[in-house]
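Chemist: What follows is a protein structure lacking sequence information:
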């Protein structure tokens, strides 16, 4: 029985309400607020675990649980309902598990911040929304979660709202997401009406899977609808062309970046495609677009990562790039691999972000102690931190190995499965594989560049602050250790057959099979090729990664003067990459300014002259009318009675004369 | 008398059919008796006893759901329809009683006779909802109205309250005349006062449908109820009475008795005049539009919030009337839903006014609410929720209610009526939002130190908030019940 599923979203909601309403005035104590916030998510995690293991032993894998009827109009019945299947179960484990760790971490990181209660209230609300997004059994509940996480993301990016840049970043994220959400809605409407015209009025995901074929395989309508959904995914998951908000989102507190902008919310787009895999599989065109956009984003964002000096920005572009990998997986039909990478990425990227947070935390305190205004996030102020922060260094290093895809770390398995599918799938292509493989090499390079600049070499921190850099407290390092552990061994749930010498089997593939295999069989999506080819490809990608690491080692560890030489030789290229290919400027010129100008025009001409004219005109008429009608209200009851009589006479007369 | 006849008559009585109202009346009478032995000015016991009476009745109504009782030779029916409305009346009466004690004390009338009157009025409303005979309905209407006349003029030393009571009484009596005349005409045509018999008779004798006597009877009966519902042009008593009556009574009148009138009106139209549906829906179409427009347009220029809410309640009657024009399942169940929703949101808004007002209530103007939301955050948020619901914005009860009613109209093919309704809702944003503008965007002129937060009123506000949000977020369950309740 899965009848207590509602507890999972319930705890964070209550936590959010308690901290939000009582935190400032009544609870006050940071410890209590932190305990409530963390405890709420942890309770959800425990409930999730319980049901997760129940599901493992269950033969029936898809469970729907309706909590209450939401609305029923005509033939459309929408419920507050949950869908608990392997996909949502796994996603919930990631959301609640990583969520609990990051809540714990936040207690240490946010210590002493003004609005501590506000932070935890928002963060719990985010977890609640994310759970609704994941667990909803229909597109409307998912949309509520979808909008909810967007709202929380906005609130948390703008957490330091007194800073202009934070406010701007929050606004940018919100607007970009709205563009995507618009696509989501259009997609939903298209599906809803088209299915409706076949007599199926539904927004339920299970019904979508069951009746999706009515839309017609490869038909225009299914392509249009899935492309609209994909637009929604590009907004939420920061893909080309809507990715620019994510790097700016780093204005938020670092745990927020780890939770929302790396591990969970930004993967919602990938999850959504997984949820609607039947619809996407029906349109090879859309799948092609998804794969192409994913590959392009992967390489494009990786290239920007080369030239950033802000530690969080490097990680942000790396996230965009890794999300690109996940979309490549979805696009070539490797749904399991995409979700697999989503999971491993949640481990190592959350660890990287939290590690960077630990560094920033330490740097901030050291610089503050020495009364310096240096940027605590700039890697050029760091270097050699390995000695001061051994735990952070070790965990960060492990995660770098994982993201670079060195053998037997988590990232190795998930990324290679994606590359293998890109190469061998019926929906794959050599070009996509080539781009993705190259991007993987670039990832290894910029991640090790980041690692070296931060932890190795000579410490470039101002001498006054130099010795005040200390390792962070246990609430910060414990999540790091746990996540690093997961980043090390987390990949073994999905060992590919080709190298499965001890026969542990691809557990994840078997687990997710009830969700994806049907689709893959129905539309002949499979990766076929010899085991030897697969092993060859693996060796190749490991070599590529090693080359990337090698270059980084040469440039940033062995010959620290090389990068400067390099930038001066290719100064123009460097400037372009450093400025993120001027995409923000191009968007400003193309959309923001034209929209502004158009807005100005609308305001000066359309709004002031026409709309205001009409509105004021109507207002005047209504006011005159109202004042006039008011006079009928004389206060004399004789007049009232007269009105009744007149009304009666008119009504009777109309009837009888007709 | 023949022994057999007595037995037959007794068999047909079935007290269960009027049990909810009987319980209320027993509590009311008991309370009156108790009051004799207590010193004047003690009222707490009255509040408690009335509330217990309401809860007991409520439990009884809940228990009887799905198990219809008919009695008194089919003159009374306690079916799901009546049960649903009974719950609405009980909610309205309960919220009203919770906020009354504080108010009566402030205005200097701590009189315990007030509470039995509310209970009797509620009992009358219940007879209206369960009446299946013209006479039962008339009886219920009168029991309810007489109680309301007294309650409206309850502050006997205040001119405004006296004026309200007297005006309501005179015009009410006048409208009752129309109703009785209509009943007489219909009796003349069909020879019965039993609703179902009238319906069957008219359906069987189609030649009578065009008969002037039938049509005049239909119109006159309708007018009797249109007056109670406050439909234009029979609405003119509303602003004066609502403004003059004690605030809790205004709240009660706008929700309970109005719902009762809708209940009887629905039943009569559907049971007796289903053969004349095209005729009366056409009439109600025009009246609904007039009512929405006039109510909203006049509300715009009001600066007294109590009076503004009075006009807006006219507009809300117009929205509900749209459901009757639709005359289909979703439209009718929409009315049931809307009446319950309206009880929560409107009485909630009045409860805030009860706390915000000074003695005499001269400060309940827009200006008087300047900065209220900052100085009194809880009441500000509560008022905001109620106003959102009255505007019909999601996720509140008002939105769900309007949605169902307009959906019913669209389904029945009255697209334009629905459009007019939605446009009218848009107009209403103007005057509801203006209250919020004053609450949040004006600097406070005072510190609202006189605003106290007695537990009973806060409880009624919290219940009203819970109802307004529950019906807005999860309307499905109650809507299913409403669908089971309509014919």
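Modeler: Structure's in. What do you need? Since the model is a prediction, treat every value here as computed from it, not as a measurement.

Chemist: Tell me the predicted confidence for the residue in the stretch 401-550 of chain A that chain B sits nearest to.
Modeler: Residue of the stretch 401-550 of chain A nearest chain B, by Cβ to the nearest Cβ: residue A:515 (28.0 Å). (Glycine included, C-beta is placed from N, CA and C.) Per-residue confidence for residue A:515 comes out at a pLDDT of 83.

Chemist: Contact partners for it?
Modeler: Contact analysis of residue A:515 by Cβ atoms under 8 Å, 6 or more residues apart in numbering or on different chains lists A:61, A:85-87, A:274, A:277, A:335.

Chemist: Between those, which sits nearest residue A:522?
Modeler: residue A:277 (10.4 Å; Cβ to Cβ).

Chemist: what number of residues lie near the closest one?
Modeler: 25 (other Cβ atoms under 10 Å in any protein chain shown).

Chemist: re the thing from before, reformat the contacts of residue A:515 as a markdown table; add distance to residue A:96 and secondary structure.
Modeler: Shown next, in a markdown table, are the contacts of residue A:515 (distance: Cβ to Cβ, whole Å; DSSP: H, G, I helix; E, B strand; the rest coil):
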| residue | distance to residue A:96 | secondary structure |
| --- | --- | --- |
| A:61 | 20 | coil |
| A:85 | 16 | coil |
| A:86 | 16 | helix |
| A:87 | 15 | helix |
| A:274 | 18 | helix |
| A:277 | 23 | helix |
| A:335 | 22 | helix |
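
Chemist: just those residues: which has the poorest pLDDT?
Modeler: The minimum pLDDT among the contacts of residue A:515 falls on residue A:61, with 84.

Chemist: Does that one touch residue A:83 like I think?
Modeler: No: in this structure, residue A:61 is not within contact of residue A:83 by Cβ atoms under 8 Å, at 11.2 Å.

Chemist: Name the residue in the two with the higher neighbour count.
Modeler: Neighbours per residue (other Cβ under 10 Å) separate residue A:61 from residue A:83, with residue A:83 holding more: 22 against 17.

Chemist: Wait, the more buried one touches residue A:132, no?
Modeler: No: using Cβ under 8 Å, residue A:83 makes no contact with residue A:132, being 11.5 Å away.

Chemist: Checking residue A:501 next. Helix, strand or coil?
Modeler: At residue A:501 the chain is in coil, as set by DSSP: H, G, I helix; E, B strand; the rest coil.

Chemist: Distance-wise, check it relative to residue A:289.
Modeler: The gap separating residue A:501 from residue A:289 is 38 Å, by Cβ to Cβ, to the nearest Å.

Chemist: Check residue B:233 too.
Modeler: From residue B:233 over to residue A:289 (counting by Cβ to Cβ), the distance is 62 Å.

Chemist: Show the pLDDT at residue 193.
Modeler: As the question left the chain open, I've gone with chain A. Looking at residue A:193, its pLDDT reads 88.

Chemist: actually chain B
Modeler: Confidence score, pLDDT, at residue B:193: 92.

Chemist: any idea how far chain A is from it?
Modeler: 21 Å (Cβ to the nearest Cβ, to the nearest Å).

Chemist: What of residue B:22?
Modeler: As judged by Cβ to the nearest Cβ, residue B:22 and chain A stand 34 Å apart.

Chemist: show me what contacts that residue?
Modeler: B:15, B:123.

Chemist: how far away is it from residue A:30?
Modeler: Residue B:22 is 59 Å from residue A:30, where distance means Cβ to Cβ.

Chemist: quick one, which of residue B:233 and residue A:289 is more surrounded?
Modeler: Set side by side, residue B:233 and residue A:289 show more neighbours around residue B:233, with 22 against 17, by other Cβ under 10 Å.

Chemist: gap between that one and chain A?
Modeler: 4 Å.

Chemist: got it, and residue B:301?
Modeler: 4 Å.

Chemist: how close does the residue nearest to that residue when sequence neighbours are not counted sit to residue B:430?
Modeler: Ranked by Cβ to Cβ, 6 or more residues apart in numbering or on different chains and with sequence neighbours excluded, the top spatial neighbour of residue B:301 is residue A:626, at 4.3 Å. Distance of residue A:626 to residue B:430, given as Cβ to Cβ: 11 Å.

Chemist: Residue A:603 now?
Modeler: In terms of Cβ to Cβ, residue A:603 sits 22 Å off from residue B:430.

Chemist: now residue B:242
Modeler: Where residue B:430 is concerned, residue B:242 sits at a distance of 20 Å (Cβ to Cβ).

Chemist: ok, those two, which is more surrounded?
Modeler: Shown here are residue B:242 and residue B:430; by other Cβ under 10 Å, residue B:242 has more neighbours (26 against 14).

Chemist: Now the more buried one. Nearest residue, chain neighbours left out?
Modeler: Excluding its sequence neighbours, the residue lying closest to residue B:242 (Cβ to Cβ, 6+ apart) is residue B:310, at 3.5 Å.

Chemist: Count the residues that sit near the one you found.
Modeler: Applying other Cβ under 10 Å, we find 26 residues neighbouring residue B:310.

Chemist: pretty sure it contacts residue B:239?
Modeler: Yes: using Cβ under 8 Å as the test, residue B:310 is close enough to residue B:239 to be in contact (4.7 Å).

Chemist: could you pull out the strands for chain B?
Modeler: Applying DSSP state E to chain B gives strands spanning B:69-71, B:76-78.

Chemist: before we move on, back to that, between the contacts of residue A:515, which is nearest chain B?
Modeler: residue A:85 (23.8 Å).

Chemist: In the stretch 51-200 of chain A, what residue lies closest to chain B?
Modeler: Nearest to chain B, among the residues of the stretch 51-200 of chain A, is residue A:69, at 2.8 Å (Cβ to the nearest Cβ).

Chemist: Now that residue: closest residue in space that isn't a chain neighbour?
Modeler: Computed as Cβ to Cβ, 6+ apart, the closest residue to residue A:69 that is not its neighbour in sequence is residue B:476, at 2.8 Å.

Chemist: Make JSON lines from the contacts of residue A:515 and add distance to residue A:373 to it.
Modeler: Converted to JSON lines, those look like this (distance: Cβ to Cβ, whole Å):
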{"residue": "A:61", "distance to residue A:373": "56"}
{"residue": "A:85", "distance to residue A:373": "52"}
{"residue": "A:86", "distance to residue A:373": "51"}
{"residue": "A:87", "distance to residue A:373": "48"}
{"residue": "A:274", "distance to residue A:373": "46"}
{"residue": "A:277", "distance to residue A:373": "51"}
{"residue": "A:335", "distance to residue A:373": "49"}
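
Chemist: Buried among the residues you listed? Make that a ChimeraX selection.
Modeler: Buried members of the contacts of residue A:515, defined by 16 or more other Cβ atoms under 10 Å in any protein chain shown, are picked up in ChimeraX with:
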select /A:61,85,86,87,274,277,335
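
Chemist: returning to what we had before: so which helix or strand takes in the residue of the stretch 401-550 of chain A closest to chain B?
Modeler: helix A:507-522 (DSSP states H and E).

Chemist: And for residue A:179?
Modeler: helix A:164-197.

Chemist: where does chain A have low pLDDT?
Modeler: A:500 (pLDDT under 70).

Chemist: Show me what from it comes close to chain B.
Modeler: A:68-74, A:79-80, A:622-623, A:625-627, A:629-630, A:632-633, A:635, A:637, A:639-641, A:643-644, A:646-648, A:651-652, A:654-656 (Cβ under 8 Å from any Cβ of the partner chain).

Chemist: how about a cut-off of 7 Å?
Modeler: A:68-73, A:80, A:622-623, A:625-627, A:629-630, A:633, A:635, A:637, A:640-641, A:643-644, A:647-648, A:651-652, A:655-656 (Cβ under 7 Å from any Cβ of the partner chain).

Chemist: Buried ones among these?
Modeler: A:69-72, A:80, A:622, A:625-626, A:629-630, A:633, A:637, A:640-641, A:643-644, A:647-648, A:651-652, A:655.
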